[in-house]
Structure formats: structure tokens, C-alpha cells
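Engineer: model this:
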Amino acid sequence: MSESIPPRQKPRLSLSRRMLIGAVVWSLIAVVGGIVAMTISYRAQTIRLLEQELDSILVTLPRALEVLPDGQVVDEEDKLPSDVRYDLPLSGRYWAMVAVNDEGEVANDIRSQSLWDGPLPLPREQALSALSNPGMTVYGNARGPADERLRVAVRAITVPNRETPILLMAAADREATDEGANQLRFLLLISMTFLAAGTLIALWVGLRLALLPFDRVQLHISQVREGKRAKLDGDYPVEVLPLTQELNKLIDNNRAIVERAQTHVGNLAHALKTPLAVLRNEANGSTPLDDVVRRQTESMRANVDHYLKRAQAAARSEALGVRTEIAPVVDGLVRLLNRLFGESGVTVESTIPASLYVRVEAQDLEEMLGNVMENACKWTKSRVEVSSEPGDNGLMLIHVDDNGEGLTADEMTSAVKRGVRLDETAPGTGLGLSIVADIAEMNGGKLTLSESPLGGLRATIALRRS
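Structural biologist: Numbers count the residues shown, from 1 in each chain. Got it, this is the predicted structure:
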């Protein structure tokens with residue numbers, strides 16, 4: 001039984017992506033916050049300058065104000081504001097001096113020519129606020145005679161010979177001020193967007209450069225796993241060096257564990273095989289007991305061989321850096337089998353090209369191919385061919401074909417079971433193909449039997465490519 005593979009976890013967000021998302025969020029906050037803050041500050045500053053200008057008009061107006069003994073208000077034209085805009089109708093610059101009756105209502109007013117005969121841009125709430133606080137300037141917003149947005153300054157004053165106060169009003173079009181703030185906001189948006197984009201690009205480039213050593217570590221670990229590199233021995237930065245040193249210790253510890261396991265397996269093999277051989281040699285008589293001992297010791301020896309080979313294969317399959325080229329192993333077996341079966345008219349050929357590697361120990365690959373190719377030579381009529389082709393999911397398929405009688409579907413299923421022999425007349429224990437299946441499975445592959453294009457049986461060993 002193969003170990004169950006845990007479900008693949010969904011990859012977490014990478015460090016670089018987390019940092020970039022954080023930088024993007026912070027950039028958005030900084031850009032939006034900066035634009036809003038600077039626009040508000042600029043608008044407030046320009047409004048303040050506009051209010052200072054209006055306040056200077058309110059200071060000038062009382063000088064042109066004359067109150068007759070009967071309380072009537074008149075103006076002295078030579079003392080009025082001299083700005084030509086106050087003489088142009090609907091120019092956006094306005095002033096007025098408003099007389100208030102005993103009920104707090106507007107009685108009459110003296111106004112600039114720019115106001116013409118339009119409505120007086122004096123909000124009632126602002127006028128009441130100024131009357132409640134004589135001498136204090138009250139600022140507000142209103143719509144002008146041309147429906148423009150105005151900034152209005154109002155101040156209530158008291159004069160001799162008059163019981164009720166007089167309201168002084170100055171107003172200025174704030175369209176230019178608002179337009180300037182809008183232009184500033186647009187320029188800030190463009191400039192800060194480019195600044196934020198440039199900063200993010202620089203951060204991304206910096207992160208990629210900073211994380212390149214980790215990409216190299218990942219590549220080198222993959223090469224160690226595939227057997228292309230013995231350890232992590234690259235030129236790593238100081239920040240990455242402790243990680244690579246600990247990984248090298250882990251690799252060395254893994255190799256030591258595998259070597260100890262192989263040593264213990266070998267010692268166990270010698271410890272078991274020797275007593276079994278003694279028992280078998282002692283049971284050389286013709287009594288029923290001798291026959292029982294011989295059969296049981298042979299069965300015990302077969303089981304010991306089987307489980308020892310499984311243990312050795314399992315230990316080797318867990319080793320890091322395992323990598324074996326297929327062609328040399330196959331070529332060696334082809335030469336050996338041609339010598340052994342050549343006199344029987346059997347020809348063994350290989351079409352496997354050079355530089356094809358699988359992630360398995362050379363000893364395990366030789367064990368699997370040796371069993372399969374020898375079986376093919378035993379049951380073929382005249383030909384055995386060994387070939388390869390790439391499979392799915394990173395596997396390499398090694399085919400061993402013969403032109404023998406082949407097997408039925410049921411026989412193919414039974415052939416890989418431990419101890420099953422399809423031909424009881426042939427010598428053997430029936431463990432060959434089951435061992436091949438076990439070793440292949442331990443190394444992440446599998447053994448399958450199918451009909452061969454040559455007419456006989458095809459045994460396919462699928463192993464991980466390297």
C-alpha cells in the first residue's frame with residue numbers, strides 16, 4: 001500500500017505580494033489623504049486672503065459714511081473704494097451699506113454700481129449674526145446677482161445721530177479661488193499618482209532583487225532532490241546563509257540515516273540467511289521431516305529476500321539527491337541477457353537514448369529492469385525490446401516487450417501478486433514481479449502489464465523523471 005498523499009494546500013500569499021499590497025494600500029491612503037489635506041489647506045489659505053481683502057473694504061466704507069442729524073445715511077463718493085470693479089455691473093466685486101430699522105429689517109441701502117439693481121447678496125442668518133455681535137466681522141457664502149458663488153463679509157457698526165446700527169457688506173466672487181483649488185487638486189493627483197507608481201515600481205524591483213537569492217535556494221534544493229547537486233553550496237547573502245547551512249545539515253543527516261538503515265538491513269540479511277542455509281543443508285535426507293524442513297526453509301528464505309529487498313528499496317527511496325541514467329543500466333543488462341539467452345535464439349535490444357534520468361537508485365533500477373527483462377527472455381519466442389517514452393505527471397515510461405504468448409487480463413492481474421507463479425514447472429519463488437511493483441511504488445512509480453505491440457507481453461515501469 002502506498003502512503004496516502006495529503007491534499008495540496010492552497011498556496012498562501014507570498015511575502016512580496018503582501019508587501020506590495022501593503023504599499024499599494026498605504027500609497028492610496030497617502031495620495032488621497034495628501035491631496036485632500038493640501039487642497040483644503042490651499043483653499044483655506046486663498047479664502048483667508050480673500051477675506052482679508054474684504055475686511056479692508058469694510059474698514060474703508062465707514063470713512064465714506066455720513067449720517068445727517070435726522071438719521072439719514074449718505075455717502076461721500078470721493079471716499080468710497082476706488083477699485084474700478086466696483087463700478088462695473090456684475091463684476092463679481094460688491095459692497096453695500098445697509099440701514100436697519102427698529103425691527104431689525106433692512107430699511108434702505110447704499111450699494112456699489114456693480115450690484116446694479118440686483119438682489120442684495122446678504123443672507124439673513126449672516127446679517128442677524130452680525131447684528132448680535134457689533135464690530136465683529138461675520139463671513140459666509142451667498143449667491144451673487146449673476147448667480148456666482150460669493151464670499152461675503154458683514155459687520156454691524158453704530159454711528160452718531162442714529163439709534164439703529166448699520167450693516168457694512170463686502171462680497172467677492174470666489175470662482176477663481178475654487179478653480180485654483182480644483183487645478184491644484186488635479187495637479188496633485190497627477191503628480192502624486194506618478195510618484196506613488198514610481199515608488200511602487202521601485203519597491204517591486206527592489207523586492208524581486210532582494211528575493212532572488214531565495215529563488216536560487218529553491219532551484220538548488222530542487223537540484224539536490226534530483227541528484228544534480230550534492231548540497232547547497234552557492235554564493236548566498238549573509239541573510240540567507242543560515243538557512244542554507246541548516247538545510248545542508250538536514251541533507252547530511254538524511255544521508256546518514258539512509259546509510260545506517262542500509263547497513264542494518266544488510267546485517268539482518270546475513271544474520272537470517274546463514275541459519276536458514278545451515279538448516280537447509282542439514283535437511284539433506286529423504287525423510288518426510290527433511291522434505292518439510294527444506295520446503296519451509298526455502299519459503300522462509302524467499303520471504304526474507306522479499307522483505308529485505310523492500311526494506312532496502314524503501315530506505316534508498318527516501319534518500320535525497322537520487323538520480324540514475326537509464327541507458328547504462330539497460331545496456332549492461334542487455335549484454336548480460338544476450339550472453340545468457342543467446343544460445344536459445346533470444347535477442348535483446350534497447351532503443352533508449354542517452355541522457356535520460358530517473359529519480360531512483362541505480363541498484364533499484366537494475367533490480368526492477370533485471371527481473372522484468374529476465375522474465376521476458378524466459379517467455380519470449382525470439383525477441384525482447386526495451387524502449388522508453390515520456391509519460392504524464394513528470395513520469396518516464398520504460399517498456400519491456402516480448403513476442404511470446406502473452407497473458408490474459410486475469411493472468412496480468414495475478415502476475416504482480418506476491419508468491420504467485422503462473423507456470424509451476426519453472427524454477428522460482430514467484431516474487432520477481434511483486435518486488436518490481438513494490439520498488440516502483442516506493443519510488444513514486446508503478447508497474448503495469450499490457451499487450452505488447454510485438455504480440456506478447458509488455459511490462460511498463462513508470463518512474464519519476466529527473
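Engineer: least trustworthy helix or strand in this protein by mean pLDDT?
Structural biologist: Counting by mean pLDDT, DSSP states H and E, the weakest-scoring helix or strand in the chain turns out to be strand 73-75, with a mean of 52.
Engineer: next SSE downstream of the one helix or strand Leu369 maps to?
Structural biologist: Per DSSP states H and E: Leu369 is located in helix 362-379. Per DSSP H and E, the first helix or strand lying C-terminal to helix 362-379 is strand 383-390.
Engineer: tell me what that following strand is packed against?
Structural biologist: Using 3 or more CB pairs under 8 Å, 6 or more residues apart in numbering; DSSP states H and E as the contact test, the elements touching strand 383-390 are helix 326-341, strand 347-350, helix 362-379, strand 395-402. For glycine as for every other residue, the C-beta is placed from the backbone atoms N, C-alpha and C.
Engineer: mind doing that once more with 7 Å?
Structural biologist: Counting contacts by 3 or more CB pairs under 7 Å, 6 or more residues apart in numbering; DSSP states H and E, strand 383-390 is packed against strand 347-350, helix 362-379, strand 395-402.
Engineer: phi, psi for the nearest residue to Arg301 once chain neighbours are set aside please.
Structural biologist: The spatially closest residue to Arg301, leaving aside those adjacent along the chain, is Leu276, at 5.1 Å (CB to CB, 6 or more residues apart in numbering). Recorded main-chain torsions at Leu276 are phi -70, psi -40, according to degrees, to the nearest 10.
Engineer: low-scoring stretches of the stretch 301-450 of the chain, by residue?
Structural biologist: Across the stretch 301-450 of the chain, the ranges flagged by pLDDT under 70 are 302-321, 417-432.
Engineer: err, the stretch 1-150 of the chain, not the other one
Structural biologist: Judged by pLDDT under 70, the stretch 1-150 of the chain has its weakly predicted residues at 1-13, 66-79, 104.
Engineer: go with 50
Structural biologist: Low-confidence regions of the stretch 1-150 of the chain, defined here as pLDDT under 50, cover residues 1-6, 68-71.
Engineer: so where do the strands sit in it?
Structural biologist: In order along the chain, the stretch 1-150 of the chain carries the following strands (DSSP state E, counting those that start in this stretch): 65-67, 73-75, 93-100, 106-111, 138-143, 149-157.
Engineer: pull the contacting residues for the residue nearest to Arg301.
Structural biologist: The neighbours of Leu276, taking CB atoms under 7 Å, 6 or more residues apart in numbering as the test, are Thr297, Met300, Arg301.
Engineer: so Ser344 versus Arg335, what's the distance?
Structural biologist: For Ser344, the distance to Arg335 under the criterion CB to CB, to the nearest Å works out to 16 Å.
Engineer: any idea of the angle the lengthiest helix in the chain forms with strand 149-157?
Structural biologist: Of all segments of type helix in the chain, defined using DSSP state H, the longest is helix 175-225. Counting by axes from the mean of the first three to the mean of the last three CA atoms, to 10 degrees, helix 175-225 points 130 degrees away from the direction of strand 149-157.
Engineer: packing partners for helix 175-225?
Structural biologist: If you count contacts as 3+ CB pairs under 7 Å, 6+ apart, helix 175-225 packs onto helix 15-60, helix 241-282.
Engineer: so what's the residue nearest to Leu369 when sequence neighbours are not counted up against?
Structural biologist: Setting aside the residues directly before and after it, Leu369 is nearest to Leu333 in space (CB to CB, 6+ apart), at 5.7 Å. If you count contacts by CB under 7 Å, 6+ apart, Leu333 has them with Leu369, Gly370, Met373.
Engineer: for Ala277, same thing?
Structural biologist: So, once contact is read as CB under 7 Å, 6+ apart, Ala277 ends up touching nothing.
Engineer: which pLDDT value belongs to it?
Structural biologist: Per-residue confidence at Ala277 stands at 73 (pLDDT).
Engineer: do the one 3 residues further on as well
Structural biologist: Looking at Arg280, its pLDDT stands at 70.
Engineer: wait, it sits on Val292?
Structural biologist: No. Contact status for Arg280 versus Val292: not in contact, 11.8 Å apart, counting by CB atoms under 7 Å.
Engineer: tell me which of the two has more neighbours.
Structural biologist: Set Arg280 next to Val292 and count neighbours by other CB atoms under 10 Å: Arg280 wins out with 18 against 11.
Engineer: could you measure from that one over to Asp290?
Structural biologist: When distances are taken as CB to CB, Arg280 and Asp290 turn out to be 10 Å apart.
Engineer: try Glu325
Structural biologist: Counting by CB to CB, the gap from Glu325 to Asp290 is 48 Å.
Engineer: go on, Val25?
Structural biologist: As judged by CB to CB, Val25 and Asp290 stand 86 Å apart.
Engineer: which of the contacts of Leu276 fall in helices?
Structural biologist: Here DSSP H is the test, and the contacts of Leu276 give Thr297, Met300, Arg301 as lying in helices.
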